[in-house]
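S.K.: Okay, structure incoming, though there's no sequence with it:
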């Protein structure tokens with residue numbers, strides 16, 4: 001009698017009464033070409049080229065033998081319980097998601113945007129979209145209860161004139177942050193989906209992002225099941241002043 005660990009870490013004991021299971025390795029298949037798991041001998045292994053993962057038939061369904069790979073738009077419609085997939089185009093270096101039998105659930109917070117270079121606004125009193133600060137949230141990424149955490153760091157001329165930073169979510173202004181008589185602000189804006197992909201709540205006017213505010217809670221109704229954008233604009237009360245967006249990053253939690 002002997003024993004070994006299979007690819008999943010399961011101890012397999014081999015004896016005359018429990019012989020080594022026969023694995024039949026067939027050719028590679030795309031997802032569309034993959035045969036019904038019940039139509040091949042249990043233990044048959046194939047390579048799914050669509051999701052770049054080895055699979056084995058258990059006589060009823062295909063079990064993944066590793067971490068699959070896909071883009072967010074083309075992820076598998078079936079999310080087998082316990083299976084893991086790397087979504088290559090969401091997150092700084094992709095992100096890992098686990099199937100719960102119904103949908104794919106992220107395994108950790110994901111940083112989906114980081115500002116590439118500071119942007120300064122001066123010489124105008126008009127509201128100006130800050131370059132490279134328009135962020136796209138992929139369709140359905142948040143889910144019914146996902147949250148967006150947005151962290152702006154911005155510097156301003158240190159005088160009593162008002163400098164304003166606004167965030168627009170899906171076409172609706174969701175927060176307005178003002179600065180006076182300070183050289184910089186480090187903020188936090190949280191946009192919360194509330195049991196629906198199209199119902200949100202967020203604080204409407206906290207510079208720091210945490211604490212009390214005289215402003216009302218903002219209640220956007222943006223359909224996040226479709227691709228959604230966040231845009232930052234800056235505005236000066238006096239054109240001789242400067243507002244600089246030094247850094248900005250966005251997480252999905």
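M.R.: That came through, no problem. What you are looking at is a predicted structure, and each value in this text was computed from that prediction instead of being measured.
S.K.: Report pLDDT for residue 171.
M.R.: We note a pLDDT of 89 for residue 171 in this prediction.
S.K.: Residue 226 is in contact with that one, correct?
M.R.: No: applying Cβ atoms under 8 Å, one finds residue 171 not in contact with residue 226, separated by 11.9 Å. Quick note: C-beta positions are derived from backbone N, CA and C, even for glycine.
S.K.: Give me the more crowded residue out of those two.
M.R.: Using other Cβ atoms under 10 Å, the more surrounded residue of residue 171 and residue 226 is residue 226, with 13 against 10.
S.K.: any idea how far the more buried one is from residue 76?
M.R.: Relative to residue 76, residue 226 is positioned 21 Å away (Cβ to Cβ, to the nearest Å).
S.K.: State the mean pLDDT of stretch 70-89.
M.R.: Per-residue pLDDT over stretch 70-89 has a mean of 93.
S.K.: actually stretch 92-109, not the one I typed
M.R.: What stretch 92-109 shows for mean pLDDT is 94.
S.K.: who's in contact with that stretch?
M.R.: 67, 75-76, 78-88, 110-111, 114, 143, 149, 251-253 (Cβ atoms under 8 Å, 6 or more residues apart in numbering).
S.K.: chain center to it: distance?
M.R.: 9 Å (Cα atoms, centre = their mean, to the nearest Å).
S.K.: Quick check: buried residues in that stretch?
M.R.: 94, 95, 97, 99, 104, 106 (16 or more other Cβ atoms under 10 Å).
S.K.: Now the terminal residues of it, how far apart.
M.R.: Stretch 92-109 has an end-to-end distance of 11 Å (criterion: Cα to Cα, to the nearest Å).
S.K.: all helices of the chain, in order?
M.R.: Counting by DSSP state H, the chain has no helices to list.
S.K.: How about residue 64: which residues does it bridge to?
M.R.: residue 55 (DSSP bridges).
S.K.: Following the record's annotation, map out the domains of this protein.
M.R.: What automatic domain parsing lists as the domains of the chain is 2-108, 111-252.
S.K.: Contacts only, for the spatially closest residue to residue 34 that is not a sequence neighbour.
M.R.: Closest residue to residue 34 apart from its sequence neighbours, by Cβ to Cβ, 6 or more residues apart in numbering: residue 48 at 6.3 Å. Applying Cβ under 8 Å, 6+ apart to residue 48 gives the contacts 28, 29, 30, 31, 34, 54, 55, 62, 68.
S.K.: and the fifth one, how far is that from residue 102?
M.R.: The reference is to residue 34. 21 Å.
S.K.: same check, this time on residue 52
M.R.: 23 Å.
S.K.: State the distance spanning the first to the last residue of stretch 91-109.
M.R.: 9 Å.
S.K.: Give me the distance from that stretch to the chain's centre.
M.R.: So, by Cα atoms, centre = their mean, the centroid of stretch 91-109 is 8 Å from its chain's centroid.
S.K.: Mark which of the contacts of residue 48 are part of strands, please.
M.R.: 54, 55, 62, 68 (DSSP state E).
S.K.: okay, among those, which ones form the most distant pair?
M.R.: Spatial extent of the ones in strands among the contacts of residue 48 (Cβ to Cβ) is set by the pair 62 and 68 at 11.1 Å.
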